[in-house]
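Asks: requesting a structural model of the entry that follows:
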Amino acid sequence: MIIRRFLPAALLLSVSAAVAAPPPADSSTEPDVATLAAEVESLKTKTSSWDKILDHLPKISGYIQTGYEWSNEASSFFIKRARIALSDDIANKFDYRLQLELAGKPKIVDAYVNYKPFAGLQIKIGQYKVPFSIESTDYAAPRSELIEHPMAVRYLTGLNDVCGLSSSGRDLGAMLHGGFFERDGYHVLNYDLGVFNGEGINNRDRNKSKDIAARIVLKPLPGLLVSGYYYRGEYGEQYLERERYGFGVCYDRGAVVVRGEWIGGTTGIADRKGTFDSNGWYGVAGWRASKKWMLVGRYETFWSSLGGTCSGERQINYTGGMQWQPVKALRCQLNYTYEQQYQAEDRNVVACLLTALF
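Replies: Numbering: from 1, shown residues only. From the prediction side, this is the model:
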């Protein structure tokens, strides 16, 4: 009877002791742990070596812009830009950039080296944007809120009003630039002073003179920018005059962007007396309704005439648009433009542009 009473208790104690007892030592587990640790260390070494290799490789980026346009005269699908760029920063003293345009005939659009010993004194040599116009330099594609730049920027910054050039605002040259009075990650006073060929991208100079460009940029408050710029030179074998001047104001902070510029120019014409005079201005305002949606509108006007004559041509454009950016690497823009031309019939233009970034 006593044995029956204590048998369940004895069995329970024996089971508990068996569960609590440590497993017998197995000498075979020790080499497995050591081997695993060695493999982990080897993997770390390989990963560190690859990280060092990747750190010395240039950064690859680019974007593709394709869309559709309809107007009173025609409609067409198109590829606006297809670009790929290589860039890097070397020891915080040099940076470089090589950008290729693959839409149409492949060409180099940017190729420069920038030496930056101090924030207030940097030297850039190669092919890049001429320091002229806020929109041309700070709101170039794919940052621009609308599909097309204003007429004053396209004609007078792109050097293609009557010069026969299409430079996208770029040229070959050397430039001093920098900033002073750093505040919250930006410089209050910035300057650019450059010397250029004046013949557009990928072209040697066709005369002995050099073009000059100068710009001053003030950023008194976060998001606020005030700038003035000047360009003067001679182009072609006939040393034809080309002069550009302008100023602009921009506020871009939070949900609001407001920007405006006035640009004027005088251009010599081959085999003709007098000059081609032109000027224009624009005002753009946008509202970021959310992280994905933006509404924007723009008014612009452009006037041009042959110097010494009373007649001229003028055009006014009214543009409204919306922008949808579901993810950071994808953006869709829809624009409507009403073009009011004084020497031709008015036009309606509807365009859609899809931008994919990588």
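
Asks: can we go C-alpha only for contacts and neighbour counts from here?
Replies: OK.

Asks: do a quick rundown of the strands in the stretch 1-150 of the chain.
Replies: Listed in chain order, the strands of the stretch 1-150 of the chain (DSSP state E, counting those that start in this stretch) span residues 59-71, 75-90, 94-101, 107-118, 121-129.

Asks: packing partners for the shortest one?
Replies: Taking 3 or more C-alpha pairs under 8 Å, 6 or more residues apart in numbering; DSSP states H and E as the contact definition, the neighbouring helices and strands of strand 94-101 are strand 75-90, strand 107-118.

Asks: check the second one too.
Replies: Under the contact definition 3+ C-alpha pairs under 8 Å, 6+ apart, strand 75-90 sits against strand 59-71, strand 94-101.

Asks: between those, which one is closest to Trp303.
Replies: Nearest to Trp303 among the helices and strands packed on strand 75-90 is strand 59-71 (22.3 Å), distances taken as C-alpha to C-alpha.

Asks: what strands flank the closest one, and is each parallel or antiparallel?
Replies: According to DSSP bridges, strand 59-71 forms sheet pairs with strand 75-90 (antiparallel), strand 347-357 (antiparallel).

Asks: to Gly236, which of these lies closest?
Replies: Nearest to Gly236, of all those, is strand 75-90, at 27.9 Å by C-alpha to C-alpha.

Asks: pLDDT weak spots in the stretch 251-358 of the chain?
Replies: 272, 307-311 (pLDDT under 70).

Asks: can you give me the strands for it?
Replies: Under the criterion DSSP E, counting those that start in this stretch, the stretch 251-358 of the chain contains strands at 256-268, 275-287, 293-306, 313-327, 330-341, 347-357.

Asks: per-residue pLDDT, Asp55?
Replies: Listed pLDDT for Asp55 reads 73.

Asks: tally of neighbours for it?
Replies: 11 (other C-alpha atoms under 10 Å).

Asks: next one: it from Ala91, what distance?
Replies: Asp55 sits 11 Å away from Ala91, going by C-alpha to C-alpha, to the nearest Å.

Asks: remind me, longest helix of the chain?
Replies: helix 29-55 (DSSP state H).

Asks: mind putting the strands of the stretch 1-150 of the chain into TSV with mean neighbour count?
Replies: Listed next are the strands of the stretch 1-150 of the chain as TSV, based on neighbours: other C-alpha atoms under 10 Å:
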stretch	mean neighbour count
strand 59-71	16
strand 75-90	15
strand 94-101	18
strand 107-118	17
strand 121-129	20
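
Asks: partner residues bridging Thr337?
Replies: Bridge pairing for Thr337 - DSSP bridges - gives Thr319, Val349.

Asks: next: Gly178.
Replies: Judged by DSSP bridges, the bridge partners of Gly178 are Tyr191.

Asks: and it, what does it touch?
Replies: 119-122, 190-192 (C-alpha atoms under 8 Å, 6 or more residues apart in numbering).

Asks: please spell out the ChimeraX selection for the buried subset of those residues.
Replies: With 16 or more other C-alpha atoms under 10 Å as the criterion, this ChimeraX line picks the buried residues out of the contacts of Gly178:
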select :120,122,190,191,192
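
Asks: so which of the contacts of Gly178 is the closest to Trp287?
Replies: Nearest to Trp287 among the contacts of Gly178, with distances taken as C-alpha to C-alpha, is Asn190, at 27.4 Å.

Asks: who's in contact with the residue nearest to that closest one when sequence neighbours are not counted?
Replies: The spatial neighbour of Asn190 that comes closest, neighbours along the chain excluded (C-alpha to C-alpha, 6 or more residues apart in numbering), is Gly179 at 4.2 Å. Applying C-alpha under 8 Å, 6+ apart, we find Gly179 in contact with 119-121, 187-191.

Asks: max pairwise distance over those residues: which two?
Replies: Leu121 and Val188 (14.8 Å).

Asks: related to what we said a few turns ago, reformat the strands of the stretch 251-358 of the chain as TSV; add distance to Gly236.
Replies: As requested, the strands of the stretch 251-358 of the chain are exported to TSV (distance: least, C-alpha to C-alpha, whole Å):
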stretch	distance to Gly236
strand 256-268	10
strand 275-287	15
strand 293-306	19
strand 313-327	25
strand 330-341	31
strand 347-357	34
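
Asks: quick one: strands adjacent to the helix or strand where Glu234 lies?
Replies: Using DSSP states H and E, Glu234 maps to strand 224-235. Strand pairing for strand 224-235, using DSSP bridges, gives strand 211-218 (antiparallel), strand 240-253 (antiparallel).
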